[in-house]
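1. Would you be able to build a 3D model of this:
(chains A and B)
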Amino acid sequence: MLWRRSLTTKLDFFFTSPSKFQFSTLVHNQESSFQPLPLTKEAFAEALQSCRSHTHQLKQIHGLLLTTGLSIKNSLLTCLLSNLTVLGNMSYARKLFDDMHKPRIFLWNTLIKGYSKNRIFVEAVLVYREMRLVGVRPDSFTFPFVVKACGELPEKWIGSGVHAHVVKFGLEFVAMVRTELMLMYVGFGELVLADLLFQSMFERDLVSWNALIASLVQNGHASKALALFRQMSIAGVKPDAATIVSVFSGCGQLGCLEIGEEIYRVARKEGIDCNIIVENARLDMYVKCGNADKARNLFEKMSKRNHISWSTMILGYAINGESEKALALFSRMQKDDVEPNNVTYLGVLSACSHAGLVNEGRAYFDYMTQSDDKNIRPRKEHYACMVDLLGRSGHLEEAYKFINSMPIEPDYGVWGALLGACAIHKNVEMGQHVADRIFQLSPDIGSYHVLMSNMYAAAGRWDYVDKVRLKMRKKGVKKVAACSSVECKGEFHVFYGGDRSHPQSLLIYEKLDQLLKDMRSIGYIPKTNSVFHDVETEEKEATVSAHSEKLAIAFCLVNIQPEFPIRVMKNLRICDDCHTFSKYVSKLTMREIIIRDKIRFHHFRNGLCSCKDFW
DNA sequence: CTAGGGTTAG
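-> Modelled structure (predicted):
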């Protein structure tokens, strides 16, 4: 009976919060004291199952397990180890593992899975190596997690090495192993290899299709994902909600509304359109396609809404230039007792930023700072948003002071927001200073070099422009090529600056010439001050007049019926001249032009833009 | 004695 009493003491913790944790079997054992039951394996198993939230309780169970003298079964250990990894206590999990005598394969697997799930990828792969060194043969449960971990390592050769192991152990055709390999290669940008693995799969289930589609979208290969979706329909595989969510997200990325609507019809036919995640994804698709009306209609008739729905809609209004509606929706959200989170506040702050609502922005930010809720306290992104708001509206000094008063270390994103503002307000001096800070933090981000170069060019400082170019070449910094894309009759067309590769190229340039001529007659003057080099005016005009968005607009004028708006997606920010150009075109042709640039939409109608020229 | 896929922002 002595050991019974000491156990009872050790079991005290079980009674600390009985409502939360039900350790029924163990508790029952202790309470029915007139006939003490032995602490059985089943009792421990049940206790472990129900006790997932506190490490110290797991530790006590472990201790208890050792004192009972029960032979410690592998199943109990696996459960204990797995619970520890779920709690994220990997150091204790490792200790437990190290105390084991010749751990069996599934214990190794559980440990690897733990490291992988806790995003300690190097360790996951190291454990795999260790396991090989002691001669344990990996099985089909080992590799999914090792491969996933390899996908997160910058050293791609490790992934290839593990792939070789997969082949060596004859597991390359196991569906889940192969799925993970595919995902790894998509992450590496090795799309051909990923596709090869996929196409030569024996058993492709829905999840492997979904996994590949989703990872393509998440890695920015949305058009490849849509192609795969098409292949899936041809193969006769019915999509489920997860598929639809990914392809909606892909459509949003590309800005193809027509294809998105087509997919919605498929979803409705399959009866998978009313799930809240699917609806949120569709909402986001409308927002990213610049159709705030469709987004609002959907939002209003959604059967259920969560904070993601609200945040998406708020941000949707913000980037489409309807800031008042964004802020109104935010207060409605609060009245509806839906808790905003930090993403919601990003939407709110960017609404203020796009509309130049400085005082409102300050007020929201102060509210965030003073909030008791950790989820609402401002993070780097919010600081960047505030810097953008202050700087863009001309309060450069205040923005600078704001950065210096930050309680967290400003990153290049925060400084970058200020650099953008310096460029808008042509403050070369501060721009130089800010650029120095940025290049100390991360020297090889092309867009900031380009911003500096443009700033110098606008100020006529060609000597500095050359310096920047030289520096970029020396450091191997590449600037991202500007490109614009357009959806037309279910096809996707991409244009680069000065591009003549499109089959309709002649027609497009003809249209463009005509437009420019007509526009000049009603007062359009090309603005060429953002052109890189100190060249003759004529040459500069030629460069500017072939910017990708101009080509895309001309293409739409040739190909898209007048009753439809022209929608162009651009990967960088729109330049001053293209903005003016689009205003003139909208007036001249009576067409609605919608341009999505890197951070927001411009809706041009009758010579005016929804951004009110503030961007 | 354990496994793979889905929504906002960055």
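2. The residue of the stretch 1-150 of chain A found nearest DNA strand B - how many residues pack around it?
-> In the stretch 1-150 of chain A, the residue that lies nearest DNA strand B is residue A:75 (1.9 Å; CB to the nearest atom of the strand). Where you see a C-beta, it was placed from the backbone N, CA and C, and this is true even at glycine. If you count neighbours by other CB atoms under 10 Å, residue A:75 ends up with 13.
3. how far is the helix or strand hosting it from where the chain is centred?
-> According to DSSP states H and E, residue A:75 maps onto helix A:74-87. Distance of helix A:74-87 from the chain centroid (CA atoms, centre = their mean, to the nearest Å) equals 32 Å.
4. List the buried residues for that helix?
-> Across helix A:74-87, burial judged by 16 or more other CB atoms under 10 Å covers A:76-85, A:87.
5. Reformat the residues you listed as CSV; add pLDDT and distance to residue A:524.
-> As requested, the buried residues of helix A:74-87 are arranged in CSV below (pLDDT from 0 to 100; distance: CB to CB, whole Å):
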residue, pLDDT, distance to residue A:524
A:76, 78, 78
A:77, 80, 76
A:78, 83, 73
A:79, 82, 73
A:80, 84, 74
A:81, 87, 70
A:82, 87, 68
A:83, 85, 69
A:84, 86, 68
A:85, 88, 64
A:87, 84, 64
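6. does the residue of the stretch 501-615 of chain A found nearest DNA strand B sit in a helix, a strand or a coil?
-> Closest contact between the stretch 501-615 of chain A and DNA strand B, by CB to the nearest atom of the strand, is at residue A:599 (7.2 Å). Three-state call for residue A:599 (DSSP: H, G, I helix; E, B strand; the rest coil): coil.
7. Now for it: which residues touch it?
-> Listed by CB atoms under 8 Å, 6 or more residues apart in numbering, the contact set of residue A:599 reads A:319, A:573.
8. Am I right that residue A:172 is in a helix?
-> No: with three-state DSSP as the criterion, residue A:172 is assigned coil and is not in a helix.
9. Can you get me a residue count around it?
-> Neighbours of residue A:172 (other CB under 10 Å): 17.
10. Report the contact partners of the closest residue to it other than its chain neighbours.
-> Excluding the flanking residues, the one nearest residue A:172 by CB to CB, 6 or more residues apart in numbering is residue A:166, at 5.2 Å. Contacts for residue A:166 (CB under 8 Å, 6+ apart) come out as A:143, A:147, A:172, A:177, A:181.
11. gap between the residue in the stretch 401-550 of chain A positioned nearest to DNA strand B and residue A:388?
-> The nearest approach of the stretch 401-550 of chain A to DNA strand B comes at residue A:413, 5.1 Å away (CB to the nearest atom of the strand). Remark: distance between residue A:413 and residue A:388 (CB to CB, to the nearest Å) = 10 Å.
12. Neighbour count: those two, which is higher?
-> Between residue A:413 and residue A:388, counting by other CB under 10 Å, residue A:388 is the more crowded of the two (25 against 18).
13. any idea of the pLDDT on the more buried one?
-> Residue A:388 is assigned a pLDDT of 94 by the prediction.
14. secondary structure class for the nearest residue to it once chain neighbours are set aside?
-> Nearest residue to residue A:388, sequence neighbours excluded (CB to CB, 6+ apart): residue A:417, at 4.2 Å. Under three-state DSSP, residue A:417 falls in the helix class.
15. Which parts of chain A belong to which domain?
-> A:2-98, A:204-300, A:505-609 (automatic domain parsing).
16. Need the winner for burial among the ones you listed.
-> domain A:204-300 (a mean of 20; mean count of other CB atoms under 10 Å).
17. Quick check: residue A:58 touching residue A:82?
-> No: applying CB atoms under 8 Å, one finds residue A:58 not in contact with residue A:82, separated by 10.4 Å.
18. could you give me the average pLDDT of the helix ranked longest in chain A?
-> Longest helix in chain A, counting residues (DSSP state H): helix A:505-521. Averaged across helix A:505-521, pLDDT comes to 93.
19. Report all helices and strands that that helix contacts.
-> With contacts defined as 3 or more CB pairs under 8 Å, 6 or more residues apart in numbering; DSSP states H and E, helix A:505-521 has these neighbours: helix A:548-559, helix A:576-589.
20. Would you format those as TSV with distance to residue A:363 and mean pLDDT included?
-> Below are the helices and strands packed on helix A:505-521 laid out as TSV (distance: least, CB to CB, whole Å; pLDDT from 0 to 100):
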stretch	distance to residue A:363	mean pLDDT
helix A:548-559	36	96
helix A:576-589	30	94
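21. want to throw those helices into a markdown table with distance to DNA strand B?
-> As requested, the helices and strands packed on helix A:505-521 are exported to a markdown table (distance: least, CB to the nearest atom of the strand, whole Å):
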| stretch | distance to DNA strand B |
| --- | --- |
| helix A:548-559 | 21 |
| helix A:576-589 | 21 |
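22. hmm, back to that, name the next helix or strand downstream of the helix holding residue A:75, please.
-> helix A:90-98.
23. Poorly predicted segments of chain A, please.
-> Residues of chain A meeting the criterion pLDDT under 70: A:1-54, A:67-73, A:529-537.
24. about what we covered before: neighbours around the residue nearest to residue A:388, how many?
-> Number of residues near residue A:417 (other CB under 10 Å) recorded here: 26.
25. Residue numbers of the stretch 1-150 of chain A in contact with DNA strand B?
-> Where proximity means CB under 7 Å from any atom of the strand, the interface of the stretch 1-150 of chain A facing DNA strand B comprises A:45, A:73-76, A:78-79, A:82, A:104-106, A:109-110, A:113, A:139-141, A:144.
26. That'll do, ta.
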